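A.B. asks: Output the structure for:
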Amino acid sequence: MIVSTAACGTNNGDTSGSSSSTTAKGFDVSSIKKDDAIAAIAPASVTKDGTLTVGSDISYAPAELLDTDGKTVIGYDVDLSKAIAAVLGLKEKTIPSSFDSIIPSVGSKYDIGMSAFTVTKERLKSVDFVSYFIAGSTYVVKKGNPKKINTADLCGSKFAVGTGTIQETAVGELSKQCAAAGKKPMQTQSFKAQSDATTAVATGKADIFYADSPVAGYAVKLTNGTLETLGKDVDVAPEGIIIKKGDDATAQAVQKALQKLIDDGTYTKILDHWGVTSGAISKAEINPAV
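C.D. replies: Below you'll find the model as predicted:
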């Protein structure tokens with residue numbers, strides 16, 4: 001397919017980034033040393049096997065995707081989770097998962113979840129978050145916008161969205177508003193893999209897809225002129241690492257490890273490696289305001 005590895009994230013509209021923004025190699029975290037004080041905070045439930053297990057939907061490039069070997073998971077989320085694990089003195093293991101299955105499985109199947117999850121009030125009811133990135137949502141259409149999609153009136157459009165994403169919820173609400181106004185509702189196709197939503201638009205099966213801004217921008221790059229973004233990014237909000245609700249020790253350990261990486265510059269280097277530095281934050285927070 002045209003974009004078999006494309007999925008979630010740009011950089012809030014700026015797709016220039018560094019010269020390595022579309023590299024297919026991860027950032028080298030081998031020089032990161034364990035911080036004994038921070039590692040001591042992590043609970044035995046996380047450290048006992050020596051591995052930080054991370055649930056992730058690997059169709060969300062450049063946050064997470066498969067390398068050219070078809071089996072190695074790479075991306076800025078992966079590099080950040082490896083760096084956090086290194087600070088905690090652990091190995092990191094990313095476990096490929098469907099997006100909508102990650103939140104229910106954190107604390108049992110996975111130690112943490114990391115897959116470009118936007119922090120929302122609804123999600124905060126069931127999990128805790130450590131903020132690590134900022135992104136908005138972006139509309140993407142075929143180059144030249146042949147269906148003449150207008151973001152001011154999206155009623156009747158054929159949408160492709162990722163299952164369980166905030167964009168799926170938003171399109172559902174917009175569709176209800178269209179019906180209430182006597183207009184045609186959206187025709188929505190929901191895909192487990194964001195790459196399939198991207199491909200649906202690239203092949204004309206859908207008119208438009210809606211995804212996190214970093215994902216949208218990266219997808220546009222990989223299609224080599226097949227797609228383009230439409231309008232400005234909307235609903236810019238923090239994205240967070242998912243922690244089991246009430247697991248304060250893990251939340252504190254992850255927050256302090258990430259803040260250390262922010263303060264020593266490693267965090268910025270990782271984001272720059274993937275060309276998404278405009279989504280950088282300066283302070284990692286547990287359950288940030290939304």
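A.B. asks: phi, psi of the residue nearest to residue 72 when sequence neighbours are not counted?
C.D. replies: Distance criterion Cβ to Cβ, 6 or more residues apart in numbering; nearest residue to residue 72, sequence neighbours excluded, is residue 66 at 6.9 Å. Quick note: C-beta positions are derived from backbone N, CA and C, even for glycine. Backbone geometry at residue 66, expressed as degrees, to the nearest 10, gives phi -90, psi 140.
A.B. asks: contacting residues for residue 66?
C.D. replies: Listed by Cβ atoms under 8 Å, 6 or more residues apart in numbering, the contact partners of residue 66 are 5, 58, 72-74.
A.B. asks: Show me the two of those residues that sit farthest apart.
C.D. replies: 5 and 72 (11.9 Å; Cβ to Cβ).
A.B. asks: Show me what the residue nearest to residue 72 is bridged to.
C.D. replies: Residue 66 has these beta-bridge partners by DSSP bridges: residue 73.
A.B. asks: any idea how far residue 53 is from it?
C.D. replies: Distance from residue 66 to residue 53, counting by Cβ to Cβ, to the nearest Å: 18 Å.
A.B. asks: starting at the chain centroid, how far to stretch 170-183?
C.D. replies: 26 Å (Cα atoms, centre = their mean, to the nearest Å).
A.B. asks: same deal with stretch 64-81?
C.D. replies: On the basis of Cα atoms, centre = their mean, stretch 64-81 sits 12 Å off its chain's mean C-alpha point.
A.B. asks: And the residue nearest the centre of the chain?
C.D. replies: By Cα atoms, centre = their mean, the chain has its centre lying nearest to residue 116, at 2.0 Å.
A.B. asks: residues in contact with that residue?
C.D. replies: With contacts defined as Cβ under 8 Å, 6+ apart, residue 116 is in contact with 8-9, 60, 63-64, 77, 133, 135, 212, 214-215, 239.
A.B. asks: Need the max-distance pair from the residues you listed.
C.D. replies: The most distant members of the contacts of residue 116, if one measures by Cβ to Cβ, are 64 and 135, lying 13.8 Å apart.
A.B. asks: average model confidence for stretch 123-132?
C.D. replies: Mean per-residue pLDDT for stretch 123-132: 98.
A.B. asks: mind listing what's buried in that stretch?
C.D. replies: Neighbour counts using 16 or more other Cβ atoms under 10 Å place 123, 127-132 of stretch 123-132 among the buried residues.
A.B. asks: now, which of those lie within helices?
C.D. replies: Per DSSP state H, helices hold the following members of the buried residues of stretch 123-132: residue 123.
A.B. asks: counting contacts, what elements does the least confident helix or strand in the chain by mean pLDDT pack onto?
C.D. replies: Using mean pLDDT, DSSP states H and E, helix 213-222 stands out as the lowest-scoring helix or strand of the chain, at a mean of 85. Contacts defined by 3 or more Cβ pairs under 8 Å, 6 or more residues apart in numbering; DSSP states H and E place helix 213-222 against strand 127-142, strand 227-244.
A.B. asks: nearest to residue 271, of these?
C.D. replies: Closest to residue 271 of those is strand 127-142 (Cβ to Cβ; 8.0 Å).
A.B. asks: Can you check what angle separates that closest one from strand 227-244?
C.D. replies: 170 degrees (axes from the mean of the first three to the mean of the last three Cα atoms, to 10 degrees).
A.B. asks: Would you pull up how far strand 127-142 lies from the middle of the chain?
C.D. replies: On Cα atoms, centre = their mean, the centre of strand 127-142 falls 6 Å from the chain's centre.
A.B. asks: which secondary structure elements does it contact?
C.D. replies: Partner elements for strand 127-142 (3+ Cβ pairs under 8 Å, 6+ apart): strand 112-118, helix 166-180, helix 194-202, strand 208-212, helix 213-222, strand 227-244, helix 248-263.
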